[in-house]
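> predicted model, plus sequence, below.
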There are 4 protein chains.
Amino acid sequence: MEINGVQIDDTFAEAFPIKMARVQITAVTERWALEAAREATGFGTSVIGCPAEAGIECLVDGRETVDGRPGVNILLCNMGFKNLENSLLMRLGQCVLTAPTAAAFSGMHDAEKQFDTGKKLSFFGDGYQKTEEMFGRNIWKILLMSGDFIIENSFGAVEGIAGGNFLILGQNQMSGLMAAEAAIDSIRKVKGAITPFPGGVVSSGSKVGSKYKFLKASTNSAFCTSLREDGVCVLAEDVSCVFEIVINGVDREAIENAMRAGIHAACQVPGILKITAANYEGKLGIHHFPLHSVLE
Amino acid sequence: MEINGVQIDDTFAEAFPIKMARVQITAVTERWALEAAREATGFGTSVIGCPAEAGIECLVDGRETVDGRPGVNILLCNMGFKNLENSLLMRLGQCVLTAPTAAAFSGMHDAEKQFDTGKKLSFFGDGYQKTEEMFGRNIWKILLMSGDFIIENSFGAVEGIAGGNFLILGQNQMSGLMAAEAAIDSIRKVKGAITPFPGGVVSSGSKVGSKYKFLKASTNSAFCTSLREDGVCVLAEDVSCVFEIVINGVDREAIENAMRAGIHAACQVPGILKITAANYEGKLGIHHFPLHSVLE
Amino acid sequence: MEINGVQIDDTFAEAFPIKMARVQITAVTERWALEAAREATGFGTSVIGCPAEAGIECLVDGRETVDGRPGVNILLCNMGFKNLENSLLMRLGQCVLTAPTAAAFSGMHDAEKQFDTGKKLSFFGDGYQKTEEMFGRNIWKILLMSGDFIIENSFGAVEGIAGGNFLILGQNQMSGLMAAEAAIDSIRKVKGAITPFPGGVVSSGSKVGSKYKFLKASTNSAFCTSLREDGVCVLAEDVSCVFEIVINGVDREAIENAMRAGIHAACQVPGILKITAANYEGKLGIHHFPLHSVLE
Amino acid sequence: MEINGVQIDDTFAEAFPIKMARVQITAVTERWALEAAREATGFGTSVIGCPAEAGIECLVDGRETVDGRPGVNILLCNMGFKNLENSLLMRLGQCVLTAPTAAAFSGMHDAEKQFDTGKKLSFFGDGYQKTEEMFGRNIWKILLMSGDFIIENSFGAVEGIAGGNFLILGQNQMSGLMAAEAAIDSIRKVKGAITPFPGGVVSSGSKVGSKYKFLKASTNSAFCTSLREDGVCVLAEDVSCVFEIVINGVDREAIENAMRAGIHAACQVPGILKITAANYEGKLGIHHFPLHSVLE
């Protein structure tokens, strides 16, 4: 299979279940909604070492947001619901409650699993907090020095999927990076998906396990072109760089849409030789995304 | 005291000691160095609920960076050195090692306190990591799929100051927010200081303690203009909004420079009525910054 | 009529016919398509003194662009077709042909009026230019040092409308500016419309004519609150600032959609007192947009 | 000569005299100063087809600007003083006077050549304009709907240099583009210099003359790698892309500083094979910048 002359490997991306909440952050302008969203989703690349995986899903115009102001939807992801509840509490409390003119609404209003994060944060109001119905939602109003902070009482969460991915094999590092950027440009328009790594791109793809007992993941040595002379690298001679795009999505369809959009975009960039995907012989996860069927 | 017709309160900002490390992140372009820096400093507004306080200190041109590429200096802050070491390990490992083309160097090369974060992260290389002298620094080279990750062996840290601050009292919320933004524009050019809150601004200034035993800080009710009719708000009638700028700095001078730059900038914005500062009768910290002497 | 407590004046915006071409600029990434689009639409606020009115209409994902790469649609506007042809030639030749990895396609493929701008620019290829069918379009390929420049042979143009507008009356300048920014955030999502002034906002609304014979337009003195004491300003006492949003659109519907989106957004911002519109007793144009019927 | 393994050709950049004015644009925030500056410098790549060459020179903090607000310095360039005066009048009148909260000051206060652009624009005030001394400058205050526009009476201009340049030869297009971006990142910090092309980069380097009599410049065919098989391209086999950086500067030193900063930055990027410069056997200009002496 080829797209625009770029070979698509006949392999699959291996992904795993994760718990996921969507929060809609609104503010007086898009710029200020983005400031809150960036702070709230930072330090959120991988649950291996971050307190959550997090990312910006999409911008939402005032005609579609809960309160009619410009908004940004974010996704927060943790392995269990308990950690996810803590992420909601800390990230909304520290990064959205504190952000100028921001408000926070549940983006999974109908989910079965619900956390009363708004209620918990309302105590910051020191007795002056009030609950009322606004925008058809159950809202807490917390008085602040800069105005009232509006937050929904409950935030819903679902079981989603983490670790959807594809790998971009480039003639050199700059081709690979530009293709990764083009892929991210396109994935950003897909609903229900985030790419939690810095700028959406992973420079340091890993394998499960390592020669050190204390380390559960280590550099994907078989794909390190610096190890070609050592006979460790299995990549073709003309490849000199591999970037990975990791995608978390609310369901299989979101991951598939994001993979499709991203791969097509990457294949438009000069100097891209091949697209493949990362899998770990089933050691990592139960969700498999075969590239060819995703792209059909 | 007045600046541009804006009254400067005769009070002081109360701040406290914190441990602080500077990391210089470089990358192939300024844009990619910024992506890494934003990810590494996110979820970092206050140690009350974030794993660290963190922010971008300044952009650094290739003529001044360790490796001659565009760079961004960040500051990471924790109450103790042990937590700070963990922050370095996790934030550099998860957000810089993973960022396309990024490298990480110590920005406090001569500090007495040093952490071997680079060495610890080097194990990700799964035995293929190498140490060597580069740019006059002791460097680890970790092989990645996308190229080699360069990280300094040791990262220095010092005792700095957190919680430097001033308050902007505005005729309305939008005046206050624009003045806050103008203040941040100016503080961003000051060396040694960061403003860790979202977009550099705090919308939710707090007092120490609350009516709830389980809550150590709550909304600064005396400054909430929504509580004017309740007799709780102590602000003048014409004030309808207060934003706070919180500054962490490597030393007193950095905090003072940032306060001075920020206050002068805020006072240029129409609709600003007064500048004051937050203090807590010494309950919070030992460092006092009287506005009048800072501005002299 | 009120929106969110803000009074909507019972008046109309007065607009006039203009010739308009849409160009789709694509590039390797969205960022580079935007760089080309910004350069090509700069110095393009008003045909009073600019060689064209120009603006970015919308970002277009690779799944929707002609060549499958990230794109930006721009609109160029001139009073006559001859000037518009010159604008196309100069702005595409100087700002898109010269932009890294950029390509240019007609965004009004089916318009009756067509200019052979691509053919004219192809001579830059110095005899090495080639014409061929690509993407179902008639394309010129111009060899450049950095690769081949792809440009469609013909660019279509239609008669559109310039000068759609509304005025935001604020309690102070900062409220007005934030409301203007929120309005622009929302209008940016409307197809077929641009706001050609700096950042989308006009600070200097004008009236037709002046006391100087050589000047066809001058400051809208009746709306200058600095002239209140002189008895010239007709605005209510509590208004201290007026910003104008000027909208050019491909047809009445585009203007109406943009006005509706923008006014709703502006009315969400604290400190906005009233929305009105600029008209000139029919001296300026034949297109009238009554606010109340647009907002119904 | 080599920098970081990249060969530096022993040749020179050929440049020519141009008239140049610096304008300092300030606004309530850096973001709004930038919006005005971008509009005012757009459609300004080359005087071959643009009404001026224009670009952003640098951001200026409130501690250094004339009125204490955040600012952006821009440079406007034309072949003659008459055209330059017209550029000042049109670009300041259409893109700065109209920009929210903007003000405009001369950035060449002491130049011998002075234009009374502020005075000319003041007539827009329709008789309500006032002149007064502010910030030690001779200022016009023009009343607007959104507040008062402040503009200096006179704007100075000097003879500068246009067409300073260097060429980046890359292994492929993406390496070349990233190196160009890195070069621009670095040149942006150099005082007195601008890079007027889109995003600072030229994709379409040209030679003087063409096979068509009506065309004074055409594609630099000797550097078009698509013409290798035709025997026209003179570049080495491994080069597949060339980007040009064109620099205008207030004097020789500014051009040299920018070339030095840009070349050093470009040579840090993987996949760059060679740096050379464009010259035209003296047909274009009297200013020669030999790469080796500039880099010494």
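Arrived safely, thanks for sending.
> do stretch A:289-296 and chain C meet at all?
No: counting by Cβ under 8 Å from any Cβ of the partner chain, chain C is not contacted by stretch A:289-296; separation bottoms out at 13.3 Å. Using the backbone N, CA and C atoms, a C-beta is placed for each residue, glycine as well.
> how about that stretch: buried residues?
Buried positions in stretch A:289-296, judged by neighbour count with 16 or more other Cβ atoms under 10 Å in any protein chain shown: A:289, A:291, A:294, A:295.
> what does chain A have sitting close to chain D?
Checking chain A against chain D by Cβ under 8 Å from any Cβ, the hits are A:31, A:171, A:172, A:173, A:174, A:175, A:177, A:178, A:179, A:269, A:270, A:271.
> repeat that for 10 Å
A:31, A:170-179, A:181, A:240-241, A:269-272 (Cβ under 10 Å from any Cβ of the partner chain).
> related to what we said a few turns ago, let's have the buried residues of stretch A:289-296 in CSV, adding pLDDT and secondary structure.
Below are these laid out as CSV (pLDDT from 0 to 100; DSSP: H, G, I helix; E, B strand; the rest coil):
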residue, pLDDT, secondary structure
A:289, 98, strand
A:291, 98, helix
A:294, 97, helix
A:295, 97, helix
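> my guess is residue A:157 meets residue A:76, correct?
Yes: applying Cβ atoms under 10 Å, one finds residue A:157 in contact with residue A:76, separated by 8.5 Å.
> quick revisit: filter the residues of chain A next to chain D by proximity to chain B?
Within those, those near chain B by Cβ under 10 Å from any Cβ are A:31, A:170, A:172, A:173, A:174, A:176, A:177, A:181, A:240, A:241.
> in contact with the third one, which residues are there?
What that stands for is residue A:172. Going by Cβ atoms under 10 Å, 6 or more residues apart in numbering or on different chains, residue A:172 touches A:225, A:238-241, A:271, B:147, D:170-172, D:174-175, D:178, D:270-271.
> now do it against residue A:205, distance only.
Distance, residue A:172 to residue A:205, by Cβ to Cβ, to the nearest Å: 17 Å.
> do the fourth one as well
Taken as Cβ to Cβ, the spacing of residue A:173 relative to residue A:205 amounts to 14 Å.
> quick one: which of these two has more around it?
Between residue A:173 and residue A:205, counted using other Cβ atoms under 10 Å in any protein chain shown, the more crowded position is residue A:173 (26 against 22).
> ok, for the residue most central in space within chain A, nearest residue in space, not its chain neighbours?
Closest to where the C-alpha atoms of chain A average out (Cα atoms, centre = their mean) is residue A:194, at 3.0 Å. Take residue A:194 and drop its neighbours on the chain: the residue closest to it by Cβ to Cβ, 6 or more residues apart in numbering or on different chains is residue A:55, 3.1 Å away.
> quick check, that neighbour in a strand?
Yes: assessed with DSSP: H, G, I helix; E, B strand; the rest coil, residue A:55 lies in a strand.
> can you name the residues bridging to it?
Residue A:55 has these beta-bridge partners by DSSP bridges: residue A:75.
> partner strands of the worst-scoring helix or strand of chain A on mean pLDDT, with direction?
Ranked by mean pLDDT, DSSP states H and E, the helix or strand of chain A with the weakest confidence is strand A:206-208, at a mean of 92. Neighbouring strands of strand A:206-208 in its sheet, by DSSP bridges, are strand A:217-219 (antiparallel).
> in which helix or strand would I find the residue in the stretch 101-250 of chain A positioned nearest to chain C?
When scored by Cβ to the nearest Cβ, the stretch 101-250 of chain A has residue A:185 as its residue closest to chain C, at 4.3 Å. Element membership for residue A:185, per DSSP states H and E: helix A:173-187.
> elements contacting that helix?
Other helices and strands packing on helix A:173-187, by 3 or more Cβ pairs under 10 Å, 6 or more residues apart in numbering or on different chains; DSSP states H and E, are strand A:155-170, strand A:241-249, helix A:252-266, strand A:272-276, helix B:30-41, strand B:147-152, helix C:30-41, helix D:173-187.
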